[in-house]
Each structure stands twice: as C-alpha cells, then as structure tokens.
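next come a sequence and a model predicted from it.
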2 protein chains.
Amino acid sequence: MKKVSEPTIGRLSLYLRLLLDLSDAGVSTVSSEDLATRSGTTAAQVRKDLSLFGTFGKRGLGYSVNELVTRLRSILGLERRWSVALVGAGRIGAALFGYENFRRQGFYIEAVFDSDPAKVGQSWSGLVVESDDRMEAVLSERSIEIAVVAVPVRAAQAVVDRLVASGVRGILNFAPTQLEVPEDVVVKTVDMALEMEGLSYALTRLNGASGAA
Amino acid sequence: MKKVSEPTIGRLSLYLRLLLDLSDAGVSTVSSEDLATRSGTTAAQVRKDLSLFGTFGKRGLGYSVNELVTRLRSILGLERRWSVALVGAGRIGAALFGYENFRRQGFYIEAVFDSDPAKVGQSWSGLVVESDDRMEAVLSERSIEIAVVAVPVRAAQAVVDRLVASGVRGILNFAPTQLEVPEDVVVKTVDMALEMEGLSYALTRLNGASGAA
DNA sequence: AACTGTGAAAACTTTCACAGCC
DNA sequence: GGCTGTGAAAGTTTTCACAGTT
C-alpha cells in the first residue's frame, strides 16, 4: 500500500459524510465532479484520493453511492465498534456526548473520568462518572482503545501517560498543548485557539492591504 | 509579501503559545532548535517560517523571547481586540466561553444568540442570550467581525448567510458541514467526527498490517 | 458520449547545507 | 563557536490531460 497523506484521509471522511446524505436522499450514482463540488475540491482530486485504495467507479457512469459508502467505511476502519473513554467531565465532554453522529459512526463512549470528587458519581446519560483513580482498571476491563482528553493543560500530559500505559492507542486531544506519546500511539489535537488565530491572521491580511509590521 | 501557507500560520500560533510560556518562565532568549523541539518540528522549519515575515533573530544568539512574542502577535493580528458573537447557546458554546485563553488573546464574546425561546434571556457570565431574530441588529450595533457557529447542521448555512449579510468576515464553524461563503469571508471548521475517523483509520493501519479491503 | 483511472507536469512545502553575523 | 537567514535540492501534493471503459 502506498503512503496516504493526512489531507487525503480527511477528504475521504468528508466524501463518506456526503455519500451518506446522498444515500438518504435516494441517489444511487455520483460522479467525481459532483462529489468534488459538494466537498469543495476538484474532480481529479476525488478520483486520485479514491484510486489510492482501489478502482471503485465505472467509466462513463460514475460511482455507486452505496458501494462507495461500504468501501470508505472499510478503508476508514468504521465497520467495527470503537470503545472510547472520555477524560474530563466538563463542557467539551458534554458537547461530544451529545453529538449523535458520534455513535452512528461506531464510536461508543464507555467510560467517563474526572478528578473532581464533586463530579464523580454523577450520571451522564446512563454512564456514571468515575474517579480518575479507577482509570487503569476501567480502561483495561472495558478494552478501551481511544480516549478523548478534555482536561486542563497542566493535567494533560500525565493523563496521556496513564492512558498510554493502559493500552490506549488513539487520543483526541482538546488541551491546547503538545503531547508526547510513543510512536505507535496516534494523537489528533483540536485546538480552537489556533483556529481563532488563523481567522485573526486571515482577516488582518484581507482588510489592510499592508504588510506584517 | 510572499504567499504564506496555512500550516505556517498554524505553526506561528504554536510558537507564540510556547514563547508565552517561556516568557512566563523568565527565559529571555530561545534558539530555533529549542522552539523546534518544543513544537515538534525542525529548526530549519522554524527559521523558514519566521523568515517569511522578517529577520527577528540574532546570529550566534537566537531570538529574543519578548521581541518574538511582539512580532508574532503583530503578524497574527492579535494586537487588537476582536468582537466575537456566539450563535448557538449549547454545550460547545459553553465550552468556548469557559476557555480563558480566548479572552487573553483578544477575542471577546460580545453577543450570544439562540433560536430556542427557553434559552433566550438566560444569563451567560454577564451576557444575556438574545433571540436570533435580533442577530442583524446586534451584530451591526456591536461591530462584530467574527462569529462562532455552534448550531445543528440543518440550521448552519442559513445562519452563516445572515452573519455574512451583517458584516461578519470570519467564522469558526462547529457544524459538520461544508459552508458556502463569499470569497472575502474566511471559514475555519472544527470537525470532531473527522478527527475521530482519522484516528480510526490510523489505528486500523497500525494494528492489522493488511490492506484496505 | 460520459466519466473513470493514472502517468506526467506543475505547484507547493520541507529539508539541507552553508555563507554570514554576533 | 554558535546560531540565523536563505538559496538550492528533495520531497510531497495537486492539477492536468488523455487513454481506456461502459
């Protein structure tokens, strides 16, 4: 298998989402041009992205929506169920919890941890918030492979070290900090401050035609 | 001014954050090598990124932490105050609201809107949630340039159209959908489902050494 | 005729390596 | 000697353009 870039994977996820909409709408066939328009890229890009994993289309016809959904789910590893732990029972965690697409794509939150005794014992849509003392025990008991880290920066690295030691291999990190992990552990960081600063930069360039300083 | 890429801007934001930590720690000088290690990139990359905007370092010595902070804040447009509106008074909004770095970097939430009558009138740390009917009036009254969109997918495009019509030029979008905006409006989308699927893909590759299908 | 799959070209980004300054 | 700034080289991603299939 050739090496596949991050942006390609992001686009495949996006195509999958669009294809699910099309499938719901009863559309059975789609062209690379159509997918490109809907996803804000080009037809050549769509074909290239897909061709990295096989030949899924029919020349002259396009792609079968349902077949492509199946293929993309397979490529992205979404045919199985993933057990997810949420560390930090704060507002970000709550937001994720309410995000229904989450479950629909096979991500099941199976444990919620917090270090605040006031939060431990609270019920979160059927799950009980556990003390972070119990992290190691619960993670291995429930075979959890993915964790969402939504704790303050100062606590993040220590939490991640414990997660990794307990077998977690994938981490979605909301703490605005650089995390150290072994190379067989994957971290994706969602950094809202970074995005806001990107906006600030872009707007500053757009308005003033002037330079940096 | 040469064209500057998205990844470069992201790294500049990251350098800024690290420099602020260094400054707090009383460090006065930093080398490209040091910044590179802390940000997970290479010394050459750090120097190249910075050199796109000027020559800020001293050969043989490195960079002055405080000077570089000032320069980066200027480059990123963070020397001013940005007025931000939050559309959708749900859990994501609440999370952002509590995010103190936000204010520290000059982003002030000046208005919160929701279409749910039950939420309108509620107080959010001093701000009153307003009906979305009042969006146009409030946005122009308070000269709001940036909006955070945290509404369901089905409502997102309509909200964005109204924001744009009222002068908003930058949007941080949490709705997992592709938004249409005029080319002088900047959108950054934070898509957690996409990130989770990226994790799923990466973990699937890591474990099974086998191919896609 | 319509549309895919794909090598080749173009564009872009990162890394190298070293001249130049402190 | 230590470290930056930067052209040139290497590597990566996107776009082009067209042969090939239905």
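Sure, I can see it. Since we're looking at a predicted model, the values are computed, not measured.

got the contact list for the residue nearest to the spatial centre of chain A?
Residue closest to the mean C-alpha point of chain A, counted by Cα atoms, centre = their mean, is A:Leu172 at 7.1 Å. Going by Cβ atoms under 8 Å, 6 or more residues apart in numbering or on different chains, A:Leu172 touches A:146-149, A:188, A:190, B:192, B:195-196, B:199. Where C-beta positions appear, they are placed from N, C-alpha and C, glycine not excepted.

just the buried residues out of those residues, in ChimeraX syntax.
In ChimeraX, this line selects whichever of the contacts of A:Leu172 come out buried by 16 or more other Cβ atoms under 10 Å in any protein chain shown:
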select /A:146,147,148,149,188,190 /B:192,195,196,199
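
and the contacts of A:Leu172, which of them are in strands?
A:146-149, A:188 (DSSP state E).

so is stretch A:11-18 next to chain B?
Yes. Applying Cβ under 8 Å from any Cβ of the partner chain, one finds that stretch A:11-18 is in contact with chain B at A:12-14, A:16-18.

mean confidence for that stretch?
On average, the pLDDT along stretch A:11-18 is 98.

need the contact partners of that stretch.
So stretch A:11-18 is contacted by A:35, A:38-39, A:41, A:45-46, A:49-50, A:68-69, A:72-73, A:75-76, A:78, B:176, B:178, B:193-194, B:197-198, B:201 (Cβ under 8 Å, 6+ apart).

tell me what the helix or strand of chain A with the lowest mean pLDDT is packed against?
The helix or strand of chain A with the poorest confidence is helix A:100-104; it has a mean of 80 (mean pLDDT, DSSP states H and E). On a contact count with 3 or more Cβ pairs under 8 Å, 6 or more residues apart in numbering or on different chains; DSSP states H and E, helix A:100-104 meets helix B:192-207.

strands of chain A, residue ranges please.
Taking DSSP E as the criterion, chain A carries its strands at A:29-30, A:63-64, A:82-87, A:107-114, A:123-124, A:127-131, A:146-149, A:170-173, A:186-189.

which of these is buried the deepest?
Mean neighbour count, computed with mean count of other Cβ atoms under 10 Å in any protein chain shown, is highest for strand A:146-149 among those, reaching a mean of 26.

re the thing from before, list of residues touching the least confident helix or strand of chain A?
A:96, A:109, B:176, B:192-193, B:196.

show me the two of those residues that sit farthest apart.
The largest distance within those, taken as Cβ to Cβ, falls between A:Ile109 and B:Pro176 and amounts to 17.5 Å.

is the helix ranked longest in chain A in proximity to DNA strand C?
If you go by DSSP state H, chain A has its longest helix at helix A:6-24. No. Shown here: helix A:6-24 not in contact with DNA strand C (Cβ under 7 Å from any atom of the strand), separated by at least 10.3 Å.

for that helix, buried residues please.
A:8-20, A:22.

mean pLDDT lowest for which of the strands of chain A?
strand A:123-124 (a mean of 90).

can you count the residues close to the residue nearest to A:Ser28 when sequence neighbours are not counted?
Distance criterion Cβ to Cβ, 6 or more residues apart in numbering or on different chains; nearest residue to A:Ser28, sequence neighbours excluded, is A:Val65 at 5.6 Å. By the criterion of other Cβ atoms under 10 Å in any protein chain shown, A:Val65 has 22 neighbours.

any idea how far A:Val65 is from A:Phe56?
11 Å (Cβ to Cβ, to the nearest Å).

returning to that earlier point: Serialize the strands of chain A to CSV and add fields for distance to B:Val138.
CSV is the format used below for the strands of chain A (distance: least, Cβ to Cβ, whole Å):
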stretch, distance to B:Val138
strand A:29-30, 41
strand A:63-64, 45
strand A:82-87, 35
strand A:107-114, 36
strand A:123-124, 34
strand A:127-131, 37
strand A:146-149, 34
strand A:170-173, 34
strand A:186-189, 33
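
break chain A into its domains for me.
For chain A, the structural domains run A:6-75, A:82-193, going by automatic domain parsing.

which among the residues of stretch A:11-18 next to chain B gets closest to chain B?
For the residues of stretch A:11-18 next to chain B, the closest approach to chain B (Cβ to the nearest Cβ) belongs to A:Ser13, at 4.3 Å.

what confidence value was assigned to A:Gly93?
87.

which residues are in contact with it?
A:86, A:112, A:148, A:150.

and DNA strand D, which of these contact it?
Of these, not one also sits near DNA strand D (Cβ under 7 Å from any atom of the strand).

show me where pLDDT drops low in chain A?
A:1-2, A:208-213 (pLDDT under 70).

up against DNA strand C, what does it have?
A:30-33, A:43-44, A:47-48, A:50-51, A:55-63.

who in chain A is up against DNA strand D?
Counting by Cβ under 7 Å from any atom of the strand, the residues of chain A near DNA strand D are A:3, A:5-8, A:41-42, A:44-45, A:47-48, A:58-61.

of all those residues, which two lie farthest apart?
Across these, the longest distance by Cβ to Cβ is 32.3 Å; it joins A:Glu6 and A:Gly60.

find the nearest non-adjacent residue to A:Ile109, please.
A:Val84 (5.0 Å).
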